[in-house]
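Asker: No sequence on hand, only this structure:
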């Protein structure tokens, strides 16, 4: 999809009603500080659309980005940040669960993990939870530029094994710095929402 217009249209807090959108939705989940905001900015060709922060746990709401009036990219709160009180984490979990249940337009869920490390217990729990909700998450292995080329194949294998992925599950290595993986992620999203670029007249 060629990005022509992006707007942060809806921000949902813990007590907010999930919007009844008419356009297809693609959701992005990942633990705090995995690079979700950097990924979203890279996908949108924007520098600071999603606020990036050195402090984990910045996204505490569900953010709906309207892209080209054709789809919504849905940014879910980061999980697994220890400094957030347990009561808050439970509320965020319930908010995400409510969204996964309530959205009538959700087509796919992308789960971000850090390619440099074996998936954490939180990553595995989130993966299994998304599967339990009825989705096969597409895995984005972030921070690809931090690895040497010779390390990538082994790191991908460790992510696959750590999450217990099936052979046909999609995993896309990604770097927000070099944009490697960006086009592949967009191709997967376009396929899910059935998007084809309009021909120029």
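Answerer: Okay, I see it. In this text, all values refer to a predicted model and were calculated from it rather than measured experimentally.

Asker: secondary structure element for residue 100?
Answerer: Secondary structure from DSSP states H and E places residue 100 in helix 86-102.

Asker: any idea of the angle the longest strand along the chain forms with helix 86-102?
Answerer: Longest strand of the chain, by residue count under DSSP state E: strand 106-114. Orientation note: strand 106-114 sits at an angle of 140 degrees relative to helix 86-102 (axes from the mean of the first three to the mean of the last three C-alpha atoms, to 10 degrees).

Asker: which residue ranges form the helices in the protein?
Answerer: For the chain, the helices defined by DSSP state H occupy 36-44, 86-102, 121-132, 149-163, 182-193.

Asker: Any idea which of these has the lowest pLDDT on average?
Answerer: Among those, helix 86-102 has the lowest mean pLDDT, at a mean of 81.

Asker: Now the one residue sitting closest to the centre of the chain: closest residue in space, sequence neighbours ignored.
Answerer: Central residue of the chain (C-alpha atoms, centre = their mean): residue 28, 2.0 Å from the mean position. Take residue 28 and drop its neighbours on the chain: the residue closest to it by C-beta to C-beta, 6 or more residues apart in numbering is residue 110, 4.9 Å away. Using the backbone N, CA and C atoms, a C-beta is placed for each residue, glycine as well.

Asker: how about that neighbour, what does it touch?
Answerer: Applying C-beta atoms under 8 Å, 6 or more residues apart in numbering, we find residue 110 in contact with 26-29, 137-140, 185.

Asker: Give me the contact list for stretch 86-97.
Answerer: With C-beta under 8 Å, 6+ apart as the test, stretch 86-97 has contacts from 12-14, 29, 60, 62, 76-77, 79, 81, 84, 133.

Asker: could you redo the residues you listed as JSON lines and give each row neighbour count?
Answerer: Listed next are these as JSON lines, based on neighbours: other C-beta atoms under 10 Å:
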{"residue": "12", "neighbour count": "19"}
{"residue": "13", "neighbour count": "10"}
{"residue": "14", "neighbour count": "14"}
{"residue": "29", "neighbour count": "24"}
{"residue": "60", "neighbour count": "15"}
{"residue": "62", "neighbour count": "24"}
{"residue": "76", "neighbour count": "24"}
{"residue": "77", "neighbour count": "27"}
{"residue": "79", "neighbour count": "21"}
{"residue": "81", "neighbour count": "18"}
{"residue": "84", "neighbour count": "18"}
{"residue": "133", "neighbour count": "15"}
